[in-house]
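>>> Quick check, what structure comes out for this input:
(2 chains)
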Amino acid sequence: MPVSDTPPILLSRKLPVRRLEIALRGDWIATAARPSADEALAQLGKEDAPAEVCFDASGLGQWDSLLLTFLTLIENRCKAAGIRVDRRGLPDGIRGMLELADAVPELEGVRRASAKTGILGKIGLLGIAAWEETIAMLGFIGEAALGFGNFLLGKAHYRRVDLYLLIQECGANALPIVSLISFLVGMILAFVGSVQLAKYGAQAYISDMVGLGMSREMGALMTAIIMTGRTGAAFAAQLGSMQVNEEIDALKTMGFSEMEFLVVPRMLALILMMPLLCVYADLLGMAGGGLVSLGLYDISILEYSHHLLARLRFQDFAVGVGKSVVFGVLVAISGCMRGMQCGRSSQAVGMAATSAVVTGIVMIVCADAVMTLLVISLHW
Amino acid sequence: MGEPHITVSGLTMAYDDFVIQRDMNFTVNRGDIFIVMGGSGCGKSTLLRHLIGLIRPTKGSVSYQELSFWDASPEERRRLMMKMGVSYQSGALFSSMTLAENIALPLAAFTSLTPPEIQGIVSLKLALVGLAGFEEYYPAEISGGMQKRAGLARAMALDPDILFFDEPSAGLDPISSRLLDNLILHLRDNLGATIVVVTHELPSIFAIGNNAVFLDAESKSIIAQGDPKRLLAECEIPKVRQFLTRGGNGKADTISQGSKQ
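Residues are numbered from 1 along each chain as shown, chains lettered A, B, ... in the order given. Purely as a prediction, here's the structure:
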């Protein structure tokens, strides 16, 4: 390509027999200011419009894609006005590229018009989406239950190694974060409660409050929320990536049920590990409360634990553990369902993980409200 | 044309202690369609990743017109990289953006073009790869072959000097792959770009390549260089002959002969 530093110039002149010559001079590159196409286009729209347009590129220096788009613009206008275009005056490179661009004409009906939906339409679409979502969720729960039934009958195909790894992942590997959070939650409960209790000189009852709060409610709830963010999201991302890589299709074609092979082991791992994590969180929360009452109100560990043991009943733990089993099922269902529903792109994997966490937390909190109401009205 | 564009000297590629290829020397001239070939696992794609500056060489250098890539300052390196376009094996389109947004991304970031100008270039590039009208589609909504071509359109967005192709015809039907070969030839002829293609598709190799290196996994080195058609006619190294004749003993395969015409 010839190199010149001249600015781009656009000239047009009329030739005999209603021909318009468009002359390109100088360097037509993106960094330089370029003449606008309006002037040339205006000539094409006039009443004495030419019947043919030709080009003179003898003075053209460097050029890039922008010149091509410029020429395409002129050609499109010519086509619309029924004016012939003579490309012979253009350099070979430009002509070749323009021909290449014309080689595959646009298919009819390919281009999309973005349709605007009104507010009623949007509400309707939301309703339809919510309905479809409910159907999909019920369907998933049903299939998962069937898979679980097969597992209980010993007919499910899955890899035992996978199950053990999942149990380790959902159990032992979650201990550090569960320890930290539940210990701090226990301390917070003690802090907040003790301020009120101290007004009546009832600091000795901190242990009752922390004990009941952790065992019946906070232990299970905090573990469940941690596990949604930690494990539910991981399940969704992993199953989603498997969906993207066609691994799930491969499993299906080998004759495995993806429910039995992928979902049931994950559900089982969470159902087995959540109660253990919950009891562990209960105990650490109580320890956190003990530290606060020792530090702030000089209540000895012995006294604290004595109060705790006198007040706590087996039921209190049982309520928390029962909840945690339900939460385990919910975390597994939300994580696996979003993963299995995942589309086939990296963006879809991100959305699957996000929506697994959102679904999981919503379901956990709603289920917790229902169960708490139930437990209280039954006087357990 | 004819002047050296990319010079690789003494390049050794390794992952930690595992050497993939050692002491590679070759030159890609301006306007070449340069083929990197070899059996599976010989380091073709790794070489490509070295050429486009994704991996730092363990030893040796990769230079672009005398300028050694890794000795250059970060700004120079960035400028060099902007002059390269890479068409990845499966398109590597950003799935959260439409095709138009994918192609417009580098244009909006690195040039001072106005939105209508960018839109014009986007439509042009899509038309060049035969995807006119697909601006508003997401990558997940089009077929694999179309994704690949859209990836090429994005690679061409900034009018690069050098275009790299990683397995351009993998996963394409013979006709599409032939069209892609023609497109590559067009781009070289019309834009004067230098093109580096990593492939083991024989028809493509003979149809478009005018220079090549043959990597060998066992000896971990380049065992043949030159025009693939000449290699087929003259090269005496059994491995290269076998590769170029699809395992046949010396005679070119019917497919490769067909594409030579």
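>>> Can you give me the neighbour number for residue 247?
Since no chain was named, I'll use chain A. For residue A:247, the count of nearby residues is 15 (other Cβ atoms under 10 Å in any protein chain shown). C-beta coordinates here come from the backbone N, C-alpha and C atoms, glycine included.
>>> The chain in question should be chain B.
9.
>>> Tell me if it really is in a strand.
No: per DSSP: H, G, I helix; E, B strand; the rest coil, residue B:247 lies outside any strand segment and is coil.
>>> Check which helix or strand residue 136 maps to.
Answering for chain A, as no chain was given. helix A:119-152 (DSSP states H and E).
>>> quick one: that helix to chain centroid distance?
Taking Cα atoms, centre = their mean, to the nearest Å, one finds helix A:119-152 lying 18 Å from the centre of the chain it belongs to.
>>> If you count contacts, what does it end up packed against?
helix A:264-297, helix A:314-340 (3 or more Cβ pairs under 8 Å, 6 or more residues apart in numbering or on different chains; DSSP states H and E).
>>> ok, residue 137 - contacts?
You didn't pick a chain, so chain A it is. Counting by Cβ atoms under 8 Å, 6 or more residues apart in numbering or on different chains, residue A:137 touches residue A:337.
>>> You answered for a different chain; I wanted chain B.
The contact partners of residue B:137, taken as Cβ under 8 Å, 6+ apart, are A:112, B:98-99.
>>> now do residue B:10
Neighbour list for residue B:10: B:23-25, B:59-61 [criterion: Cβ under 8 Å, 6+ apart].
>>> Near chain B, which residues of chain A? Just list them.
A:1, A:30-31, A:64-66, A:68-70, A:72-73, A:92-94, A:96-97, A:100-107, A:110-112, A:114, A:343-348 (Cβ under 8 Å from any Cβ of the partner chain).
>>> Kindly report the residues of chain B close to chain A.
Counting by Cβ under 8 Å from any Cβ, chain B sits next to chain A at B:95-96, B:111-113, B:117, B:120-121, B:123-125, B:127-128, B:130-140, B:156, B:159, B:183, B:186, B:189-192.
>>> Wait, a strand at residue A:379?
No: secondary structure of residue A:379 (three-state DSSP): coil, not part of a strand.
>>> And for it, the neighbour number?
Neighbour count for residue A:379, taken as other Cβ under 10 Å: 6.
>>> With residue B:6 instead?
By the criterion of other Cβ under 10 Å, residue B:6 has 21 neighbours.
>>> repeat for residue A:15
Number of residues near residue A:15 (other Cβ under 10 Å) recorded here: 11.
>>> who touches the nearest residue to it once chain neighbours are set aside in this structure?
Spatially, and ignoring its direct neighbours in sequence, residue A:15 is nearest to residue A:21 (5.4 Å; Cβ to Cβ, 6 or more residues apart in numbering or on different chains). By Cβ under 8 Å, 6+ apart, residue A:21 lies in contact with A:12-15, A:53-56, A:89.
>>> Can I get the buried ones among those as something I can paste into PyMOL?
The buried residues among the contacts of residue A:21 can be selected in PyMOL (16 or more other Cβ atoms under 10 Å in any protein chain shown) with this line:
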select buried, chain A and resi 12+53+54+55+56+89
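>>> Of the contacts of residue A:21, which pair is most distant in space?
Pairwise distances across the contacts of residue A:21 peak at 15.2 Å for A:14 and A:89 (criterion: Cβ to Cβ).
>>> Quick check: PyMOL command selecting the buried ones in the contacts of residue B:137.
Per 16+ other Cβ under 10 Å, the buried members of those correspond to this PyMOL selection:
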select buried, chain B and resi 98+99
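>>> what about the stretch 101-250 of chain A, any weak spots by pLDDT?
Scanning the stretch 101-250 of chain A for pLDDT under 70 picks out the ranges A:113-114.
>>> Just the CA trace of the host helix or strand of residue B:75, in CSV.
Assessed by DSSP H and E, residue B:75 sits inside helix B:74-82. Extracted in CSV, the C-alpha atoms of helix B:74-82 (Å, rounded to 0.1, in the frame of the first residue of the first chain):
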residue,chain,number,x,y,z
PRO,B,74,4.1,-2.8,28.0
GLU,B,75,2.7,0.0,25.8
GLU,B,76,4.5,-1.3,22.8
ARG,B,77,3.4,-4.8,23.5
ARG,B,78,-0.2,-3.6,23.7
ARG,B,79,0.2,-1.8,20.4
LEU,B,80,1.6,-5.0,18.9
MET,B,81,-1.3,-7.0,20.2
MET,B,82,-3.8,-4.6,18.8
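>>> avg pLDDT for it?
The pLDDT scores in helix B:74-82 average 84.
>>> tell me the SS of residue B:7?
Assigned state for residue B:7: strand (three-state reduction, three-state DSSP).
>>> Any idea what it is bridged to?
Taking DSSP bridges, one finds residue B:27, residue B:63 as the beta-bridge partners of residue B:7.
>>> Would you write out the PyMOL command that picks the buried residues out of the residues of chain B next to chain A?
What follows is the PyMOL syntax selecting those of these that are buried according to 16+ other Cβ under 10 Å:
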select buried, chain B and resi 95+96+111+113+117+120+121+123+124+125+127+128+130+131+132+133+134+135+137+138+139+140+156+159+183+186+190+191
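>>> Not counting sequence-adjacent ones, nearest residue to the residue of the stretch 201-350 of chain A found nearest chain B?
Closest contact between the stretch 201-350 of chain A and chain B, by Cβ to the nearest Cβ, is at residue A:345 (3.4 Å). Using Cβ to Cβ, 6+ apart and skipping residues adjacent in sequence, the residue nearest residue A:345 is residue B:95, 3.4 Å away.
>>> residues touching that neighbour, list them.
Residue B:95 touches A:345-348, B:138-140, counting by Cβ under 8 Å, 6+ apart.
>>> Which parts of the longest helix seen in chain B count as buried, going by neighbours?
Identified as the longest helix of chain B according to DSSP state H is helix B:174-191. Residues of helix B:174-191 classed as buried: B:176-181, B:183-184, B:186-188, B:190-191 (neighbour count, 16+ other Cβ under 10 Å).
>>> got it, and stretch B:59-78?
B:60, B:62-64, B:69, B:72, B:77.
>>> Redo the helices and strands packed on helix A:119-152 as TSV? Include distance to residue A:134.
TSV is the format used below for the helices and strands packed on helix A:119-152 (distance: least, Cβ to Cβ, whole Å):
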stretch	distance to residue A:134
helix A:264-297	20
helix A:314-340	12
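>>> could you redo these as CSV and give each row distance to residue A:169, mean neighbour count and mean pLDDT?
Output for the helices and strands packed on helix A:119-152, formatted as CSV (distance: least, Cβ to Cβ, whole Å; neighbours: other Cβ atoms under 10 Å in any protein chain shown; pLDDT from 0 to 100):
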stretch, distance to residue A:169, mean neighbour count, mean pLDDT
helix A:264-297, 7, 22, 93
helix A:314-340, 12, 23, 94
